[in-house]
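**Q** Turn this into a structure:
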Amino acid sequence: VIDFISDHIKLDWAMFACSITPYSHSDFAKGLLKKLGGQGVDVINSAVFNAGFLTGGDYFDYVKITRESAPDKFAWRDKFDALCKEFSVDPAAVCVQFSFLFPEIKSIALSTTKAARVQSNWDLVNAVIPQAFWDKMKAEGLINI
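**A** Presented below is the predicted three-dimensional model:
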């Protein structure tokens with residue numbers, strides 16, 4: 001929808017959800033980011049955890065899944081978790097910081113129903129992920145950027 005609208009209306013900003021995450025970042029989504037960036041549109045990235053799946057949940061993009069119903073997604077997450085442990089990085093911080101590997105993404109939207117989580121969300125935004133981690137993610141075929 002954003003692709004179509006941006007061809008007809010000058011946008012100031014656009015919000016992506018579940019489209020630019022360590023797991024989900026299709027060539028189409030990356031191309032749309034570049035297109036919007038070329039139009040001067042700032043992008044806000046949201047749903048960076050694929051509905052919690054990338055941080056250990058049982059829902060992927062708001063659909064409950066199991067190891068039996070989606071073995072490929074769980075295999076990916078197992079490799080992701082192992083790399084996070086190897087580099088001592090928080091999977092949630094990786095998900096947030098992945099957004100900023102794309103210069104067109106100017107902000108992220110993190111929400112919580114618990115006031116106690118506001119500080120930890122802020123910490124995710126300021127986390128530093130070593131370049132070696134991203135390099136290993138690429139080498140392992142977990143990201144394609």
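**Q** What about Leu142, how many residues nearby?
**A** Per other CB atoms under 10 Å, the neighbour tally for Leu142 reads 16. The C-beta positions use only the backbone N, C-alpha and C, and glycine is treated the same way.
**Q** Assign it to helix, strand or coil.
**A** Recorded secondary structure, Leu142: coil (DSSP: H, G, I helix; E, B strand; the rest coil).
**Q** Show me the residue sitting in the middle of this structure in space.
**A** Central residue of the chain (CA atoms, centre = their mean): Thr21, 2.2 Å from the mean position.
**Q** Am I right that it is in a helix?
**A** No: looking at Thr21 with three-state DSSP, it is coil, so not inside a helix.
**Q** hang on, it packs against Gly52?
**A** No: counting by CB atoms under 8 Å, Thr21 sits too far from Gly52 to count as a contact (11.3 Å).
**Q** Helices of the protein, start to end?
**A** Under the criterion DSSP state H, the chain contains helices at 2-8, 27-38, 71-86, 91-99, 118-126, 131-139.
**Q** Leu32 reaches Ile2, doesn't it?
**A** Yes: here Leu32 reaches Ile2: they are 6.5 Å apart, a contact under CB under 8 Å.
**Q** and the residue nearest to Phe53 when sequence neighbours are not counted, how far is that from Tyr23?
**A** Excluding its sequence neighbours, the residue lying closest to Phe53 (CB to CB, 6 or more residues apart in numbering) is Phe60, at 4.2 Å. Using CB to CB, to the nearest Å, Phe60 is found at 8 Å from Tyr23.
**Q** got a list of what Ile44 touches?
**A** Trp13, Ala14, Met15, Phe16, Ile105, Lys106, Ser107, Ile108, Ala109 (CB atoms under 8 Å, 6 or more residues apart in numbering).
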